[in-house]
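In: Give me coordinates for this.
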Amino acid sequence: MSKQSIKRLLIGRPLKNEALNDEKYSELWGLPILASDALSSVAYAGEEILLALIPAIGLMAYSKYGYITAAIIALVIILALSYRQTIESYPNGGGAFIVAKENIGVLAGVSAGAALSVDYVLTVAVSVSSGVAQITSAFPNLKLYTVPICVVIVLLLMLGNLRGLKESAKLFSLPAYAFIFAIVAMLIGGIVKLSSGYAPAPSSMIPEYTGSVGLFLLLRAFSNGCAAVTGIEAVSNAVPNFKEPSTHRANHVMALLAMLVVVLFGGTSFLAIKFYAVPSPDTTVIMQIANTVFGKGLMFYFVMASTFLILVMASNTAYSGFPLLVSVISKEGYAPKQLSMRGDRLSYSNGIIMLSTIAAALIIIFRADVSRLIGLYAIGVFISFTLSQSGMYLKWVREKGNNWMFKAFVNGFGAVVTAIVVVIIALTKFAEGAWIVVFLIPSLVYFMMKIKKHYTAVSKQLRLTPEEVSSIDLQHDTYKNRVIVPIASINKASIRAIRYAKTISENVVAFNVSIDEEEGEKLKRKYSLLNTDIPLYVKYSPFRKIVDPLLKFIESEEYSYKKGDMITVILPQFSVKSWWQRYLHNQSRVYIEKQLLRHKHIVVSTMPLQLKQDETALENKKS
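Out: Got it, this is the predicted structure:
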């Protein structure tokens, strides 16, 4: 099976540009894709809060857990209201990057883009690792294979998204709805069980109360729980992925997303408090609650399976947002242009591959440890939240308009709150890994600015002024072309190159660099047997240089090169059939081409000759 056939099998047939609108999604498909990240945090955000509180303050952790949950729910509502205004004002996507860039400045925009890009990568790493942790909680024998399982899942997500928006929506939507159903059923079951008089005693695993409740401890627990807020921004980044009217559909999805996060996160936190759930390496909090409500029955395994799937599918929020975000950044010139190109299936395939590669690398480096990865998480997205809301606040203040004071208050309040959260996360999680992100984001900003500087310089040097355009006369002002054919030996490839050279110029020479004088003489004798008027120049290179003798020859009186002439160097090259056969042959052509292209008056052209498979060549020789 050929490479092309394998690609078609895995990704599907190419789609025309006109099919792009059919690839976009409605609320039904958009909600599960863009809400998966925020919904999935229900599975681990509460657990991370308890991990911070229980070892320090014992039973008192559960009362503080309720206050922290309420604070996080309030944060979700504030951000949902703020981002609804962003959707209305910036329907072309790009989210925090475009908002901050246009209203605060280039540096702020690039910082927001860098921060959000980091968060998307971590979303994939954390979500997949946490999803596999749910499975290994039920099947401990799989713990040894956690990292390979995570990497395989990332590859499957990559393939699913490379197939296009529409297919990935269908593929990844059902698990999100299954998770919503499972958690709602668990909440109803838990409330019914509590109403019937069930009153569990605190576990013996809960330590005794050991000291006062410090502010730093509460802030650390709060920053752990802020993982529940990540993903809120995804809808505003992906507005162009919705069918028209895109802003209307995106706002519907934002409202539903906020409502679901409030209900599911608030509900599971309530049950965790009432059932005295205790995080442990063997069983996650969600699975403990499911076991208490349903026992080890069908619904327990349904909750486990849907939680695993939603955590894995949460990565799809990043797969929807990251490629679109970097495509916008790329179009603005702050990232490689290749990231703005759509692939065969109209998805931003280069962005998808880039996201998968970096996320898989993080999973391998951190051994799929959610607690270690979570230390890197959230700070990036809250930096982008702050910059985005600050940009929207400045926009309303500057433009004014209808209800501008209320709009400015909403975004201004959101900016202040998220800025406080950034400081909290940075301080409480700095030693846990947040320092990596704190230094990584400025590094990314630096490289993004360098990329922009490069593209600006290239554009400036290639641009033609109106005066230059009017002065160009392609009808009469042409280059005089001189052709040189470097040959290593007399063979079919070199003869083919010489024949082609005669079709493009009357001034053609063959050139050979010999590192052995005797071999040079042999080549001369063999060349003299050819019926040609094209002269051959052989230069001896005692230091085994290849390009230098050719350049010296061009500049010498012997060649009589005149300033203004163009020189075309035609390099004979035979192509083998199998990829591994390429490594068996000298790759000097690549080096020669690289060196010659440094000279503006030299054009390099390759004359290919396709060879047959070894077996075919032998059969032809026998016959």
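In: Excluding chain neighbours, what is closest to I153?
Out: Spatial nearest neighbour of I153, chain neighbours left out: V128 (5.2 Å); criterion: CB to CB, 6 or more residues apart in numbering. Using the backbone N, CA and C atoms, a C-beta is placed for each residue, glycine as well.
In: That neighbour contacts I364, doesn't it?
Out: No - the pair V128 / I364 is not scored as a contact, 11.8 Å apart, by CB atoms under 8 Å.
In: Just want to know which of these two has more residues nearby.
Out: Using other CB atoms under 10 Å, the more surrounded residue of V128 and I364 is V128, with 29 against 14.
In: How is that one assigned, secondary-structure-wise?
Out: helix (DSSP: H, G, I helix; E, B strand; the rest coil).
In: before we move on, what about I567?
Out: strand.
In: Might you report the residue contacts of it?
Out: N481, R482, V483, I484, I554, Y561, H601, I602, V603 (CB atoms under 8 Å, 6 or more residues apart in numbering).
In: Over to D548?
Out: Counting by CB under 8 Å, 6+ apart, D548 has contacts S541.
In: The chain should start at 559 in everything you say after this.
Out: Yes, from this point I'll number from 559; that puts the last item at D1106.
In: Tell me the confidence at it?
Out: Per-residue pLDDT puts D1106 at 87.
In: what's the answer for N1144, then?
Out: Taking N1144 on its own, its pLDDT is 64.
In: got the contact list for the residue nearest to I711?
Out: The contact partners of V686, by CB under 8 Å, 6+ apart, come to C708, I711, V712, L715, L869, V870, S873, A917, I921, A926.
In: Pretty sure the first one sits in a helix.
Out: Yes - the secondary structure assignment for C708 places it in a helix, going by three-state DSSP.
In: hang on, it packs against L920?
Out: No - contact criterion CB under 8 Å: C708 and L920 do not qualify, at 9.9 Å.
In: Which of the two has more residues huddled nearby?
Out: Neighbour totals were compared for C708 and L920, and C708 leads with 27 against 22 (other CB under 10 Å).
In: distance of the more buried one from I921?
Out: From C708 across to I921, the span is 5 Å (CB to CB, to the nearest Å).
In: Any chance you could list residues touching both of those two?
Out: Contact with both C708 and I921 is made by residues V686, S687, according to CB under 8 Å, 6+ apart.
In: Ramachandran angles for the residue of the chain positioned farthest from its centre?
Out: Centroid-distance maximum for the chain: L1087 at 58.9 Å, with CA atoms, centre = their mean. Main-chain torsions, L1087, degrees, to the nearest 10: phi -80, psi -10.
In: need the contact list for it.
Out: L1087 sits next to no residue when contact means CB under 8 Å, 6+ apart.
In: Let me know the pLDDT of it.
Out: So, for L1087, pLDDT stands at 88.
In: ok, now how distant is it from V684?
Out: Taking CB to CB, one finds L1087 at 71 Å from V684.
In: Any buried residues in stretch 802-816, and which?
Out: Neighbour counts over stretch 802-816 (16 or more other CB atoms under 10 Å) mark S804, T805, R807, A808, N809, H810, V811, M812, L814, L815, A816 as buried.
In: repeat for stretch 627-639
Out: Here stretch 627-639 shows T627, I630, I631, L633, V634, I636, L637, A638, L639 as buried, counting by 16+ other CB under 10 Å.
In: thinking again about what came up before, please narrow the contacts of I1125 to those residing in helices.
Out: Assigned to helices by DSSP state H, the following of the contacts of I1125 qualify: I1112.
In: nearest to N961, of the contacts of I1125?
Out: Nearest to N961, judged by CB to CB, of the contacts of I1125 is V1161 at 62.4 Å.
In: give me the beta-bridge partners of the closest residue to the closest one other than its chain neighbours?
Out: Among residues not flanking V1161 along the chain, T1126 sits closest, at 4.5 Å (CB to CB, 6+ apart). Beta-bridge partners for T1126, by DSSP bridges, are V1041, V1161.
In: so what's T1126 up against?
Out: N1039, R1040, V1041, I1042, A1059, I1062, S1063, I1160, V1161, V1162, S1163.
In: 10 Å - rerun?
Out: Residues counted as contacts of T1126 (CB atoms under 10 Å, 6 or more residues apart in numbering) are 1037, 1039-1043, 1059, 1062-1063, 1065-1066, 1160-1163.
In: Got a ChimeraX select line for the buried ones in those residues?
Out: Buried residues among the contacts of T1126 (16+ other CB under 10 Å), as a ChimeraX selection:
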select :1039,1040,1041,1042,1043,1059,1063,1065,1066,1160,1161,1162
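In: still on that earlier bit, what's the pLDDT at the residue nearest to V1161?
Out: In this model, T1126 carries a pLDDT of 91.
In: Likewise for K1179?
Out: Confidence score, pLDDT, at K1179: 58.
In: what does A577 give?
Out: 47.
In: picking that back up, what is in contact with V686 and I922 at once?
Out: Residues within reach of V686 and of I922 at once, by CB under 10 Å, 6+ apart, are C708, V709.
In: Contacts only, for S754.
Out: Residues in contact with S754 (CB under 10 Å, 6+ apart): none are found.
In: For it, give its distance to A743.
Out: Taking CB to CB, one finds S754 at 16 Å from A743.
In: ok, now F943?
Out: Counting by CB to CB - F943 and A743 are separated by 32 Å.
In: and if you look at H1012?
Out: Counting by CB to CB - H1012 and A743 are separated by 55 Å.
In: for Q1168, same thing?
Out: For Q1168, the distance to A743 equals 63 Å [CB to CB].
In: between the two, which one's more packed in?
Out: Using other CB under 10 Å, the more surrounded residue of Q1168 and A743 is A743, with 17 against 8.
In: Isn't that one up against F860?
Out: Yes - between A743 and F860 there is a contact under CB atoms under 10 Å: 8.3 Å.
In: Now the common contact residues for these two.
Out: Common neighbours of A743 and F860 (CB under 10 Å, 6+ apart) are A848, F852.
In: thinking again about what came up before, so for C708 and L920, which residues contact both of them?
Out: V682, A683, V686, S687, A926.
In: any idea which of those residues is the one closest to Y648?
Out: V682 (24.7 Å).
In: Return the residues in contact with the closest residue to that closest one other than its chain neighbours.
Out: Distances taken as CB to CB, 6+ apart put A917 closest to V682, at 3.7 Å, once the chain neighbours are dropped. A917 makes contact with 678-687, 708-709, 712, 715-716, 873, 876-877, 880, according to CB under 10 Å, 6+ apart.
In: Would you mind measuring from A917 to L680?
Out: Using CB to CB, one gets 8 Å for the distance from A917 to L680.
In: quick one: low-confidence parts of the stretch 859-1008 of the chain?
Out: For the stretch 859-1008 of the chain, the stretches flagged by pLDDT under 70 are 901-905, 932-933, 935.
In: Can you give me the buried ones in the stretch of helix or strand I910 belongs to?
Out: Using DSSP states H and E, the element containing I910 is helix 907-923. Buried residues in helix 907-923, counted by 16+ other CB under 10 Å: 907-914, 916-918, 920-921.
In: of those, closest to K659?
Out: Looking at the buried residues of helix 907-923 and their distance to K659, the nearest is G909, at 18.8 Å (CB to CB).
In: picking up where we left off before, among the contacts of V686, which one has the most neighbours?
Out: L869 (32 neighbours).
In: I'd like to know how far that one sits from S594.
Out: To S594, L869 is 9 Å away according to CB to CB.
In: Next: R925.
Out: R925 is 24 Å from S594, by CB to CB.
In: Compare these two (neighbour count), which wins?
Out: Neighbour count, other CB under 10 Å: between R925 and S594, S594 has more, with 32 against 12.
In: quick check, distance from stretch 618-627 to the centre of its chain.
Out: 36 Å (CA atoms, centre = their mean, to the nearest Å).
In: Next one, pLDDT for the closest residue to H810 other than its chain neighbours please.
Out: Distances taken as CB to CB, 6+ apart put E585 closest to H810, at 5.1 Å, once the chain neighbours are dropped. For E585, the pLDDT comes out at 78.
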